[in-house]
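**Q** how would this look folded up:
(4 chains)
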There are 2 protein chains.
Amino acid sequence: MPTASDFERLLRGASLRVTAPRIAVLSAVHGHPHADTDSIIGVVRQNLGAVSHQAVYDVLRALTGAGLLRRIEPQGSVARYEARVGDNHHHVVCRSCGAIADVDCSVGAAPCLDASDDHGFVIDEAEVIYWGTCPECTTAAKSS
Amino acid sequence: MPTASDFERLLRGASLRVTAPRIAVLSAVHGHPHADTDSIIGVVRQNLGAVSHQAVYDVLRALTGAGLLRRIEPQGSVARYEARVGDNHHHVVCRSCGAIADVDCSVGAAPCLDASDDHGFVIDEAEVIYWGTCPECTTAAKSS
DNA sequence: TCGTTAACTTGACTCACTCCAGAAAAGACG
DNA sequence: CGTCTTTTCTGGAGTGAGTCAAGTTAACGA
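**A** Numbers count the residues shown, from 1 in each chain, chains lettered A, B, ... in the order given. Predicted structure coming up:
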């Protein structure tokens, strides 16, 4: 778990101003991967007291734009954020409870980066989402 | 392009009642792949006259549930529907204009279906979204 | 043709997210 | 340190895709 000064360095590295809400948001996302915006707001408020939801939305967008955070939004779910960036990992989503887990790239590096027929598109990223059932829900389904 | 009776057969095959709105929605999605809900409502109304948006939402959900349609919703876009189902194809999305194109599975069959570490999840589907720039936007960017 | 049950209509409502204008704070520069 | 400029934060109103609920209508099997 990085410290506040680590986050400060991150922000400065991205030439972003260092503010308490930003540190708090970074910290919240590091501590709660795949949290939705609402939970993040909750965590930030626990640490800082009153912070407008607007500020959190702003910060999340700024940090996402700067590449410090990654935004993921599986179907049927609200936007979620995570702090693991730059390592091209993917996600498994539970169809039943919506839980999300990280998955590293399966087939070596950049498995599916080449589409068979790209229609002339210039492709720069392949995003993979695995759909399935998480251990808890699998167990629950069996026992019912 | 399938005919109305083809759609009727599809519906009966899924043990769904055959109604005008359903035929119209199926037809609209076949004719306009990757259309968003609003456009679908527009097309359906052109063919049928007044249809409540609720009905279209309902039909879309019923047909998606029955596997007759597939719902896709890339980040930052509203839900879109397409009629190609069961052939495990994927999509390229243009970052700039949001255009969507179909892409067949690149690496033979079910390329990325196995995650390296599945955290105990039972995975049944891998969804791949390629992000890039479509030909039009690439050209536009160059000439500017 | 009749009854059951699924589907459709209408209209209100929710909720994530955005827009706006003004106040406040951060960083730059002398 | 003090001032100036720029960016960020606050609070509140607004937007829009999608959902809920109750009542009516129509499909389809008997």
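**Q** Tell me the residues on chain A that lie near DNA strand C, please.
**A** Residues of chain A found near DNA strand C (C-beta under 7 Å from any atom of the strand) are A:17-20, A:36-38, A:53-54, A:57, A:61, A:73, A:78-79. For the C-beta atoms, the positions are set from N, CA and C on the backbone; glycine is no exception.
**Q** Can you tell me which of these end up in strands?
**A** Judged by DSSP state E, strands contain the following of the residues of chain A next to DNA strand C: residue A:36.
**Q** Which residue does chain A have closest to DNA strand C?
**A** Closest contact between chain A and DNA strand C, by C-beta to the nearest atom of the strand, is at residue A:79 (3.1 Å).
**Q** Contact partners for that residue?
**A** Going by C-beta atoms under 8 Å, 6 or more residues apart in numbering or on different chains, residue A:79 touches A:36, A:37, A:71, A:72, A:73.
**Q** Farthest-apart pair in these, please.
**A** For the contacts of residue A:79, the farthest-apart pair by C-beta to C-beta is A:37 and A:72; their separation is 12.0 Å.
**Q** quick one: the longest helix anywhere in chain A near DNA strand D?
**A** In chain A, with assignment by DSSP state H, the single longest helix is helix A:53-66. Yes: under the criterion of C-beta under 7 Å from any atom of the strand, DNA strand D is reached by helix A:53-66 at A:54, A:55, A:58, A:59, A:62.
**Q** do stretch A:90-106 as well
**A** No: judged by C-beta under 7 Å from any atom of the strand, stretch A:90-106 stays clear of DNA strand D, getting no closer than 13.8 Å.
**Q** Only the buried residues of that stretch, if you could.
**A** Across stretch A:90-106, burial judged by 16 or more other C-beta atoms under 10 Å in any protein chain shown covers A:90-95, A:98-103, A:105-106.
**Q** mean confidence for that stretch?
**A** Averaging pLDDT along stretch A:90-106 yields 84.
**Q** Check the offset of it from the chain's centre.
**A** The chain centre lies 12 Å from the centre of stretch A:90-106; the measure is C-alpha atoms, centre = their mean, to the nearest Å.
**Q** Show residues contacting stretch A:39-52.
**A** A:20-21, A:24-25, A:27-29, A:31-32, A:35, A:53, A:56, A:60, A:81.
**Q** Return the closest of those with respect to chain B.
**A** When those are compared for distance to chain B (C-beta to the nearest C-beta), residue A:81 wins out at 12.2 Å.
**Q** what's the distance between the closest one and residue B:120?
**A** According to C-beta to C-beta, to the nearest Å, residue A:81 stands 24 Å off from residue B:120.
**Q** Residue A:26 contacts residue A:7, doesn't it?
**A** Yes: using C-beta atoms under 8 Å, residue A:26 is in contact with residue A:7, at 4.4 Å.
**Q** Stretch A:16-27 close to DNA strand D?
**A** Yes: Stretch A:16-27 comes into contact with DNA strand D (C-beta under 7 Å from any atom of the strand), by way of A:16, A:17, A:19, A:21, A:22.
**Q** Now residue A:34. Nearest residue, chain neighbours left out?
**A** Nearest residue to residue A:34, sequence neighbours excluded (C-beta to C-beta, 6 or more residues apart in numbering or on different chains): residue A:100, at 4.3 Å.
**Q** Show me what the longest strand anywhere in chain A pairs with in its sheet, parallel or antiparallel.
**A** Criterion DSSP E: the longest strand present in chain A is strand A:122-133. Strand A:122-133 sits in its sheet next to strand A:90-94 (parallel), strand B:122-133 (antiparallel), going by DSSP bridges.
**Q** Poorly predicted segments of chain A, please.
**A** A:105-117, A:143-144 (pLDDT under 70).
**Q** Need the buried ones from the residues of helix A:53-66 next to DNA strand D selected in PyMOL.
**A** The buried subset of those, as determined by 16+ other C-beta under 10 Å, is captured in PyMOL by this line:
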select buried, chain A and resi 55+59+62
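**Q** Determine how far stretch A:67-79 lies from the middle of the whole chain.
**A** Remark: stretch A:67-79 is offset 6 Å from the chain centroid, using C-alpha atoms, centre = their mean.
**Q** sorry, back to before: between residue A:26 and residue A:7, which has more neighbouring residues?
**A** Counted by other C-beta atoms under 10 Å in any protein chain shown, residue A:26 and residue A:7 do not tie: residue A:26 has more neighbours, with 23 against 20.
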